[in-house]
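starting from these lines, generate the structure:
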Amino acid sequence: MAENSLLTRSVKWVVDALPEDTMFDVASDGLKFSGCKHRDYQMRITQPINAQFSIETSLGYSKGQLQWGVFSQKVSVYELSLVPRYQVSERLSLGFGMVSQSDVKFKTTQGLEFDLPSSQEWLASSRIHGIEEGHYWELMVSSKKWQTNQSYGSWFERGLADNKLTLSYNGSF
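This next block holds a predicted model:
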């Protein structure tokens, strides 16, 4: 309970310190059931530069734990995104940016620890307003590549990429 109060006060302090037109949001999501715990934390800032141009930034952290007796494991990762966005019209905006993800820390109870490769994703997106205020459709094209680290090269040394075309509807109901 005290942790939630501290988070609320911290967010209020940051919001008060930022310029009035800055949008700031902190979100925490989780999933928990027998043998599984997962938690995501994300801080998002949208800073308008002028009427047509803004910069969207987010910083995230995820951690998870699976417990299957002696086969337990923990995973954690950090993520940073930066997407400049141009408002073409009242209903349409275009963005081009990048998402950088740290190497995934992986630990098991058997003492096995290693870091999976970090990744960098370049993306282009278009958004149009959705059914309600604050909702939007997004069409995104992205390409994600991994950077090898330590001796875990294999697939990643060959330059494999995950190329996607995504259509999504975003909004809270």
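
and the pLDDT for the nearest residue to His129 once chain neighbours are set aside?
Excluding the flanking residues, the one nearest His129 by Cβ to Cβ, 6 or more residues apart in numbering is Arg91, at 4.9 Å. In this view, the C-beta of every residue, glycine as well, is placed from N, C-alpha and C. Note on Arg91: pLDDT of 91.

need phi/psi at Arg91.
phi -100, psi -20 (degrees, to the nearest 10).

disregarding residues adjacent in the polypeptide, which is nearest to Gly134?
Spatial nearest neighbour of Gly134, chain neighbours left out: Gly171 (6.2 Å); criterion: Cβ to Cβ, 6+ apart.

helix, strand, or coil at Leu7?
helix (DSSP: H, G, I helix; E, B strand; the rest coil).

any idea how far it is from Leu165?
Distance of Leu7 to Leu165, given as Cβ to Cβ, to the nearest Å: 36 Å.

more neighbours: which of the two?
Leu7 (13 against 8; other Cβ atoms under 10 Å).

may I ask you to confirm that that one is in contact with Val26?
Yes: Leu7 lies in contact with Val26 (Cβ atoms under 8 Å); the separation is 7.0 Å.

remind me which residues of this protein are low pLDDT?
1-4, 148-159, 173 (pLDDT under 70).

got a list of what Gly130 touches?
Residues in contact with Gly130, defined by Cβ atoms under 8 Å, 6 or more residues apart in numbering, are Tyr136, Trp137, Tyr169, Asn170, Gly171.

kindly report the same for Arg39.
Per Cβ under 8 Å, 6+ apart, neighbours of Arg39: Ser28, Asp29, Gly30, Ser62, Lys63, Gly64.

now, which of these lie within strands?
Judged by DSSP state E, the subset of those located in strands is Ser28, Asp29, Gly30, Ser62, Lys63, Gly64.

quick check on the residues you listed: which are buried?
For the ones in strands among the contacts of Arg39, a neighbour count by 16 or more other Cβ atoms under 10 Å gives the buried set as Ser62, Gly64.
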